[in-house]
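>>> sequence first, predicted model second:
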Amino acid sequence: MHGCAFVKKLSFGLATALACAAPAWAVPLNGLKGQGLNAIYGSYAPRGDCTAEPRLSIDDSGFTFRANGRVVKSVRVEQALSYLGPDYRGISLVFFPFPVSDDDFGPVVMTVNDGERRGVIRLEADFAPGRRVDPFQVALTRSSPYSRCAAAKR
């Protein structure tokens, strides 16, 4: 379960007025090219073993997840800019890789460089009661944390 019960996307002008009311701001990204995120590109799997599933890859086009024999490409993702707090200055980055709509970022939270450890990704889920649970997303979150694959370590 992630720390925020909800996340609201705010415009810059409204953000100033509501800074204390909203726990995090998220911005949509359509692909990662030109976003300054090249340092997180690579392949990741539990224990860094990319010969098995589940696993994920990050590149210019976005995130690619493999689990249960399925491949899901998340091109449009939400990056939660203030999820870790307005004064956070560490290396962790938070994304919602499976947004449902502009107002629903989906139940999965992805933290890259989790715990201030480069090359570690944590996928967590907040499957609310009554919400349909996607077995693919369950497989991804149950296998967390992920480490950069040995061939891709920097």
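Yep, it's here. Numbering: from 1, shown residues only.

>>> low-confidence ranges, this protein, go.
1-25, 151-154 (pLDDT under 70).

>>> what ranges do the helices span in this structure?
12-18, 135-142 (DSSP state H).

>>> relative to residue 29, how far out is residue 109?
Per Cβ to Cβ, to the nearest Å, residue 109 is found 15 Å from residue 29. (C-beta placed from N, C-alpha, C; glycine too.)

>>> what do you get for residue 142?
The gap separating residue 142 from residue 29 is 26 Å, by Cβ to Cβ.

>>> what about residue 119, distance to residue 96?
For residue 119, the distance to residue 96 - Cβ to Cβ - is 21 Å.

>>> more neighbours: which of those two?
Applying other Cβ atoms under 10 Å to residue 119 and residue 96 shows that residue 96 carries more neighbours, namely 24 against 19.

>>> pretty sure the more buried one is touching residue 103, no?
No. Contact criterion Cβ atoms under 8 Å: residue 96 and residue 103 do not qualify, at 11.8 Å.

>>> how many neighbouring residues does residue 50 have?
Residue 50 sits with 22 neighbouring residues when counted by other Cβ under 10 Å.

>>> same question, residue 112
If you count neighbours by other Cβ under 10 Å, residue 112 ends up with 22.

>>> for residue 80, see how far away it is.
For residue 112, the distance to residue 80 - Cβ to Cβ - is 11 Å.

>>> shared neighbours of those two, which are they?
94-95 (Cβ atoms under 8 Å, 6 or more residues apart in numbering).

>>> excluding its backbone neighbours, what's nearest residue 47?
Distance criterion Cβ to Cβ, 6 or more residues apart in numbering; nearest residue to residue 47, sequence neighbours excluded, is residue 147 at 6.2 Å.

>>> hmm, residue 119 and the one you found touching each other?
Yes. Between residue 147 and residue 119 there is a contact under Cβ under 8 Å: 5.9 Å.

>>> who touches both of the two?
The contact sets of residue 147 and residue 119 overlap at residue 44 (Cβ under 8 Å, 6+ apart).

>>> quick one, strands of the protein?
Using DSSP state E, the strands of the chain run over 26-30, 42-45, 55-59, 62-67, 70-74, 76-80, 93-96, 108-112, 120-125, 146-148.

>>> would TSV of those strands with distance to residue 86 be doable?
Output for these, formatted as TSV (distance: least, Cβ to Cβ, whole Å):
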stretch	distance to residue 86
strand 26-30	14
strand 42-45	28
strand 55-59	26
strand 62-67	26
strand 70-74	26
strand 76-80	12
strand 93-96	13
strand 108-112	17
strand 120-125	21
strand 146-148	27
